[in-house]
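**Q** here are the coordinates; sequence isn't available:
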């Protein structure tokens, strides 16, 4: 079955620093999505990537999907306390012949002021 | 559009009681998903529907859990009887699926369930 692995599991950075979160799939991704969440609250959609080599940016957050469409990275430039939360990657995957939406294990980000 | 609407937002119940969680997906979406989130296990897919039909319920923990989608605008997740280990945040999400890809994947605000 297809799985998504995220790294690191948790991250603590000083405000103003850059950081990168990775999401790796065991199989080709048809669509890769990045979300931000505060625990117990709804997931907020950040970006969707579909094509190999695609890169999208929104404010200080940039997401990339590699050419093989098996790995994505989320990069935050000049982090701020407002960036703190749990970042999840999600993907349309295929398991046992059916398509299923799967999530990565999540990366918990803390930004120190 | 008001987004995916879940009710109640919070539920506290005694062990053994029946609990029903409700979800109204975004109008026009053809897929609906129920998730459970805990600190220990993260976000787990319980069941998902496509065009009101349950496609995959392999994530449903046990027979105490059941989900229905009687029409395109409403779904329920029922736990009977509830147990303390069911305490979690339950999310509903909906999307429009064309072939291999989901569009407009949107989560509700969740229902925080506490079973005492």
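**A** Yep, that arrived. Quick caveat: nothing in here was measured; it's all calculated off a predicted structure.

**Q** Past the helix or strand of chain A with the lowest mean pLDDT, which element shows up next along the chain?
**A** Of all helical and strand segments in chain A, the minimum by mean pLDDT, DSSP states H and E falls on strand A:98-103, at a mean of 70. Remark: after strand A:98-103, the chain's next helix or strand is strand A:107-112, criterion DSSP states H and E.

**Q** got the residues of chain B near chain A?
**A** Residues of chain B lying close to chain A by CB under 8 Å from any CB of the partner chain are B:33, B:37, B:39, B:42-43, B:45, B:48, B:55-56, B:89, B:91, B:93, B:95, B:97, B:100-102, B:105-110, B:112. In short, each C-beta sits where N, CA and C put it, glycine included.

**Q** Please flag which of these sit within strands.
**A** Under the assignment DSSP state E, these contribute B:33, B:37, B:42-43, B:45, B:48, B:55-56, B:89, B:91, B:93, B:95, B:97, B:101-102, B:105-107, B:112 to strands.

**Q** now the lengthiest strand in chain A: mean pLDDT?
**A** Determined from DSSP E, the single longest strand within chain A is strand A:85-95. In this model, strand A:85-95 has an average pLDDT of 81.

**Q** buried stuff in it?
**A** If you call a residue buried by 16 or more other CB atoms under 10 Å in any protein chain shown, then strand A:85-95 has these buried ones: A:85-93.

**Q** Run through those and flag the ones next to chain B.
**A** Answer for these near chain B (CB under 8 Å from any CB): A:88, A:90, A:92.

**Q** isn't the first one right up against residue A:43?
**A** So that's residue A:88. Yes. Using CB atoms under 8 Å, residue A:88 is in contact with residue A:43, at 6.6 Å.

**Q** Nearest residue to the middle of chain B?
**A** residue B:34 (2.8 Å; CA atoms, centre = their mean).

**Q** what about it, distance to residue B:108?
**A** Going from residue B:34 to residue B:108 by CB to CB, to the nearest Å gives 10 Å.

**Q** One more: residue B:26?
**A** For residue B:26, the distance to residue B:108 - CB to CB - is 10 Å.

**Q** Quickly list what's touching both of those two.
**A** Common contacts of residue B:26 and residue B:108, defined by CB atoms under 8 Å, 6 or more residues apart in numbering or on different chains, comprise B:3-4.

**Q** So which of the two has more stuff around it?
**A** Shown here are residue B:26 and residue B:108; by other CB atoms under 10 Å in any protein chain shown, residue B:108 has more neighbours (26 against 20).

**Q** distance of that one from residue B:31?
**A** In this view, residue B:108 and residue B:31 are 14 Å apart by CB to CB.

**Q** Where does pLDDT dip in chain A?
**A** A:1-2, A:39-40, A:93-100 (pLDDT under 70).

**Q** again with chain B
**A** For chain B, the ranges with pLDDT under 70 are B:1, B:100-101.

**Q** Can you list phi and psi of residue A:8 for me?
**A** In terms of degrees, to the nearest 10, the main-chain angles of residue A:8 are phi -80, psi 170.

**Q** residue contacts, the closest residue to it other than its chain neighbours?
**A** By the measure of CB to CB, 6 or more residues apart in numbering or on different chains, the closest residue to residue A:8 outside its immediate chain neighbours is residue A:107, 6.2 Å from it. Applying CB under 8 Å, 6+ apart, we find residue A:107 in contact with A:6-11, A:21, A:86-88.

**Q** Kind regards, and thank you for your time.
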